[in-house]
Structure formats: structure tokens, C-alpha cells
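Visitor: Okay, sequence plus prediction incoming.
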Amino acid sequence: MGILNPHDHIMGKTLTCVASVTEIVTDKNGYNNACPDCLQTVYESGEKWACPSHEKHDNSRHLFCVVVNTTDDTGSQFSTKTPLTS
Ligand SMILES: [Zn+2]
């Protein structure tokens, strides 16, 4: 008999929860350079930006990251949110 993983039924699924933002961690905010096409992180390559899935781009897209603490009646956790910018 195999060992059952209690998390198998939620692995790979998108879940929705309702929680309140109780803290914005201002000293950990920043941004990633992202691919303009797929928003994966890109890396400087010479004078261009290299995406793992696309050709090199002349420019990157700044993807701002905001670290927040969210809380609901089961507890709290820190997570990173990435509101899109131009
Ligand atoms: Zn890409």
C-alpha cells in the first residue's frame, strides 16, 4: 500500500483565499527585470536582456515586488506581490 500525501488533491491547482494585508514590509521592496513578452525574470547579456524562453530583448520590463504580511482567521504569512507596471 502506498503512502498517501494529504496535499495531492490540491497540488497544481489554483486556490482562492480571502485575507487582509496587515503589514507592508517596506525594507524588502524592489523590482525584477522581466521579459516584456512573458514576464519571466531576464538577465543582462551584453547590452541586451536574455529571457529563458525568448530571444534577447533591447529592454526589460520593471516588475515591482511588494512584500506583505497577510492574515486570516487561520494565521498569517509573508508573501511577495507583483503589481504590474509599464
Ligand atoms: Zn520571455
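Guide: Sure thing, it's come through.
Visitor: biggest strand in the protein by residues?
Guide: Among all segments of the chain classified by DSSP state E, the strand with the greatest residue count is strand 61-72.
Visitor: which outside residues touch it?
Guide: By CB atoms under 8 Å, 6 or more residues apart in numbering, the residues outside strand 61-72 that reach it are 17-25, 28-36, 39, 76-86. (C-beta placed from N, C-alpha, C; glycine too.)
Visitor: residue ranges with poor pLDDT in the protein?
Guide: Judged by pLDDT under 70, the chain has its weakly predicted residues at 1-4, 6, 83-86.
Visitor: So which residues of it form strands?
Guide: Read by DSSP E, the chain holds these strands, from start to end of the chain: 20-24, 30-34, 43-45, 48-50, 61-72, 75-81.
Visitor: Quick one: closest of those strands to K13.
Guide: Set against K13 and scored by CB to CB, these come closest in strand 75-81, at 17.6 Å.
Visitor: Tell me if I'm right that Q40 and A34 touch.
Guide: Yes. With contacts defined as CB atoms under 8 Å, Q40 counts as touching A34 at a distance of 6.6 Å.
Visitor: more neighbours, these two?
Guide: Regarding Q40 and A34, a neighbour count based on other CB atoms under 10 Å identifies A34 as having more, with 22 against 13.
Visitor: burial count for the closest residue to the more buried one other than its chain neighbours?
Guide: Take A34 and drop its neighbours on the chain: the residue closest to it by CB to CB, 6 or more residues apart in numbering is L63, 4.0 Å away. Using other CB under 10 Å, the number of residues around L63 comes to 19.
Visitor: Okay then, goodbye and thanks.
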